[in-house]
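> quick one, fold the following:
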Amino acid sequence: MTTELAESLRIMPGVRTTRRPVTPGGPAGFALSHVRADPMSTALPPILILPGGPGLASVLPYVGHRAIATARGLDVLMVEHRGVGLSRTDEHGQDLPPAALTVTQVVDDLAAVLDDLGIDRVVVYGCSYGTYLAQGLGVRHPHRIAGMVLDSPMLTAHDGRVQRAELRRHYLDGADPATAPAARLLRELVEAGRLNAAETGDVIQLVHEYGGPRLVRRLLERIAAGHGNRLWRWLHGLGNREISQNQPCVMEFDLVGAIAFRELGYAPEPDGRPLDVNLSFAKRAKDFPPFTGEPFDLPAELPGFDWPVAVLSGERDVRTPRVIAAQIADLVPDGILLPFNGIGHSILDSHPSAALLAAAAVAGGAHRRLPAMAGRFGSIPRPARSRALELMLHARLTLPW
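Here you go, the predicted structure:
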């Protein structure tokens, strides 16, 4: 991170620090940054937002989200993940060591910030990897939870197997009539040696998420006609960028990748068939500790969650498929599933206004009304920046050749 960028962020309104031990039981050795968006006098509990990753920062990337929250009268808190951005280094300016980077320490950081700010209970909104942290907070500090929103949720370290099976059901087996034509094309192109099977998972997943079956079919038709190879190469490169190139104070995977591989099983087990997902993580696995086991048994813990839970799931999400979201909603005693049509992974990032409305409903005790309101969310405008890749793909793949 550049010193100038870090210093400018540290003096932003609402940014504070809490002293935390680098490792459990040690002295307070680093400053954990967090930001609260103009806390207001409101009867609703604060909303603690945990973004995805691991590696996504909170202070800089979500300035716009906090502005929307403030305009809606919501009290929003975000904690900069240890090992990332403003919470990356110890008091000597050295990067936090691998021993400092575990899920339980991150979860306990959240509780420590609530203590520091004098906040009793929160509605915790987790997105993707952040849903694992949210559920972990519920396991370790259940008395701090007033409600929970799990957006594009994780459940276990073996979710990748479900992800791969779901992607193959659509685009290899063609079990869905909407995806059967694209599945046939994909099989033909791989068998003919026109596509590298190892690249298909990242590319097809990405195009499906941002454009659905129609654009996947258009991409494969262009490849078959000899016109889409450059676009394919570009799309494949996008799948590696987040974990191979740090963006200071935005996305920093290089340290917290230890959590991804050691505790959450991000390294896939390729079988050599098409649509093997997350192979970009397999290339990075050698740089991090091997998988040793999960910190929590969430399927066993969820039936004990005694607070309202809204589970948000995008129709096109194959990174954290709908089947996982539905399982979580069924396991939680007071859980509901809120589907979003025409959206892929992460409602928080693709449709922030809808995400915050869902969080406000949970905070206000109205989460059971959300499924009946699902159709209305489609009419809420989405920010152009969240649709940039989607619009570009539509332009590239629907215009005449």
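> wait, A178 sits on V216?
No: if you go by Cβ atoms under 8 Å, A178 and V216 don't touch, sitting 9.8 Å apart. In this view, the C-beta of every residue, glycine as well, is placed from N, C-alpha and C.
> which of those two has more neighbours?
Taking neighbours as other Cβ atoms under 10 Å, A178 and V216 compare with V216 leading, 28 against 13.
> packing partners for the one helix or strand that one maps to?
Using DSSP states H and E, V216 maps to helix 197-224. On a contact count with 3 or more Cβ pairs under 8 Å, 6 or more residues apart in numbering; DSSP states H and E, helix 197-224 meets helix 159-171, helix 180-191, helix 229-244, helix 279-284, helix 388-398.
> between that helix and helix 229-244, how many degrees?
Counting by axes from the mean of the first three to the mean of the last three Cα atoms, to 10 degrees, helix 197-224 points 150 degrees away from the direction of helix 229-244.
> pull out the buried positions in helix 197-224.
197, 199-224 (16 or more other Cβ atoms under 10 Å).
> please apply the same query to stretch 147-164.
Buried residues in stretch 147-164 (16+ other Cβ under 10 Å): 147-157, 159-160, 162-164.
> pick out the most distant pair among the residues you listed.
By the measure Cβ to Cβ, G147 and R164 form the most distant pair in the buried residues of stretch 147-164, at 32.2 Å.
> got the confidence number for I243?
I243 is assigned a predicted lDDT (pLDDT) of 69.
> residues contacting P153?
126, 128, 131, 135, 311, 313, 320, 324-325, 328 (Cβ atoms under 8 Å, 6 or more residues apart in numbering).
> nearest to D108 among the residues you listed?
Using Cβ to Cβ, the contacts of P153 come closest to D108 at Q135, 14.4 Å.
> show me the contacts for the residue lying closest to that closest one once chain neighbours are set aside.
Leaving aside its sequence neighbours, Q135 sits nearest to L298 (Cβ to Cβ, 6 or more residues apart in numbering; 5.4 Å). The contact partners of L298, by Cβ under 8 Å, 6+ apart, come to 132, 135, 139, 155-156.
> how much space separates L298 from M154?
8 Å (Cβ to Cβ, to the nearest Å).
> residues that sit against both of those two, list them.
Y132.
> the helices and strands packed on helix 197-224: which one's closest to A57?
helix 229-244 (12.4 Å).
> pull the residues that contact the closest one.
The list of residues contacting helix 229-244 from outside it, by Cβ under 8 Å, 6+ apart, reads 55, 195, 199, 202-203, 205-207, 219, 222-223, 251, 253, 257, 280-281, 283-284, 396-397.
> distance between the ends of stretch 151-169?
23 Å (Cα to Cα, to the nearest Å).
> residue ranges in the protein under the pLDDT threshold?
Along the chain, the model assigns pLDDT under 70 to residues 1-2, 39-41, 239-240, 242-243, 399-401.
> ranges for the strands of it?
Counting by DSSP state E, the chain has strands at residues 15-21, 28-36, 47-50, 76-79, 122-127, 145-151, 309-314, 335-340.
> let's have those in JSON lines, adding distance to P371.
Putting the strands of the chain into JSON lines (distance: least, Cβ to Cβ, whole Å) gives the following:
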{"stretch": "strand 15-21", "distance to P371": "37"}
{"stretch": "strand 28-36", "distance to P371": "31"}
{"stretch": "strand 47-50", "distance to P371": "20"}
{"stretch": "strand 76-79", "distance to P371": "24"}
{"stretch": "strand 122-127", "distance to P371": "18"}
{"stretch": "strand 145-151", "distance to P371": "14"}
{"stretch": "strand 309-314", "distance to P371": "9"}
{"stretch": "strand 335-340", "distance to P371": "6"}
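> quick one: which of the ones you listed is nearest S346?
Going by Cβ to Cβ, the one of the strands of the chain nearest S346 is strand 122-127, 5.4 Å.
> can you dump the C-alpha coordinates of the closest one into CSV?
Provided in CSV are the C-alpha atoms of strand 122-127 (Å, rounded to 0.1, in the frame of the first residue of the first chain):
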residue,chain,number,x,y,z
VAL,A,122,-25.8,-5.8,15.7
VAL,A,123,-27.4,-7.1,12.6
VAL,A,124,-24.5,-8.7,10.9
TYR,A,125,-24.5,-8.7,7.0
GLY,A,126,-22.0,-11.1,5.5
CYS,A,127,-21.3,-11.5,1.8
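> so what secondary structure elements neighbour that strand?
strand 47-50, helix 129-140, strand 145-151, helix 347-350, helix 352-363.
> okay if I get the ones you listed as CSV plus distance to D109?
Shown next, in CSV, are the helices and strands packed on strand 122-127 (distance: least, Cβ to Cβ, whole Å):
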stretch, distance to D109
strand 47-50, 11
helix 129-140, 10
strand 145-151, 16
helix 347-350, 20
helix 352-363, 21
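> can you list the domains in this protein?
With domains defined by automatic domain parsing, the chain comprises 3-157+294-380, 160-291+388-398.
> so how far is the last one off the chain centroid?
Put plainly, it is domain 160-291+388-398. For domain 160-291+388-398, the separation from the chain centroid amounts to 16 Å (computed by Cα atoms, centre = their mean, to the nearest Å).
> make residue 1 into 4 and carry on from there
In the new count, where the first residue is 4, that last one comes out as domain 163-294+391-401.
> and it, end to end?
31 Å.
> same question, stretch 14-30
Rule used - Cα to Cα; the end-to-end distance of stretch 14-30 is 26 Å.
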